[in-house]
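> Could you work out the structure for the sequence below:
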Amino acid sequence: MFGERGRGDAREGLTLISEDAFFHGALVVKGSLRIEGSFEGDISDAVDVEVGAKGRVVGNLAAETIMIAGEVLGDIVAARSLEILASGRVTGDVRTPKLKVEEGAFYDGSCSMGAGEDKPRRRRSRDSLDAAQPTDAVS
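Reported below is the predicted structural model:
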């Protein structure tokens, strides 16, 4: 499933947390990461993160692309894309410009999609809203 998609240079630096492994702590990954076991903590700076069908992450994820077939309990920031496969379960808030959720997947959280940095939203003042309203025509 995951091996079908070539990721180019990122594959050269693949870190694997196997099915029988348990990791607790923060992990900074400069290449790709595949999780088949249990991970508790935050993951950052990765190019690709793949959470296999038996993989479980309790913590926040930050990577360019993220694909989830297992379970993630935490917030996700994917700079390019996030894909939640049919067997995937995500509980947490998501920020990504591209989101794909397959039928059968579970997702509980809020989603913010945008390509740029977070910019404060400009609220209209009450005066500008009133000024935008059409006035009664005088006959």
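
> Ends of stretch 22-42, what's the gap?
14 Å (Cα to Cα, to the nearest Å).

> buried ones in that stretch?
By neighbour count with 16 or more other Cβ atoms under 10 Å, stretch 22-42 contains the buried residues 27, 29, 31, 32, 33, 34, 35, 36, 37, 38, 39, 42. For every residue, glycine as well, the C-beta is placed using N, CA and C.

> where's the last one relative to residue 25, distance?
For residue 42, the distance to residue 25 under the criterion Cβ to Cβ, to the nearest Å works out to 9 Å.

> Next, the residue sitting nearest the centre point of the chain: phi, psi?
Per Cα atoms, centre = their mean, the C-alpha nearest to the average position across the chain is that of residue 76, at 3.7 Å. The phi/psi pair for residue 76 (degrees, to the nearest 10) reads phi -130, psi 130.

> and what of the one 4 residues further on?
Taking degrees, to the nearest 10, you get phi -110, psi -50 for the backbone angles of residue 80.

> Surely it is in contact with residue 97?
Yes: Residue 80 is within contact range of residue 97, at 7.0 Å (criterion: Cβ atoms under 8 Å).

> so residue 84 bridges to which residues?
residue 68, residue 101 (DSSP bridges).

> got a list of what it touches?
68, 90, 99, 100, 101, 102, 105, 107 (Cβ atoms under 8 Å, 6 or more residues apart in numbering).

> could these go into JSON lines alongside pLDDT?
Shown next, in JSON lines, are those (pLDDT from 0 to 100):
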{"residue": "68", "pLDDT": "98"}
{"residue": "90", "pLDDT": "98"}
{"residue": "99", "pLDDT": "96"}
{"residue": "100", "pLDDT": "97"}
{"residue": "101", "pLDDT": "96"}
{"residue": "102", "pLDDT": "97"}
{"residue": "105", "pLDDT": "98"}
{"residue": "107", "pLDDT": "97"}
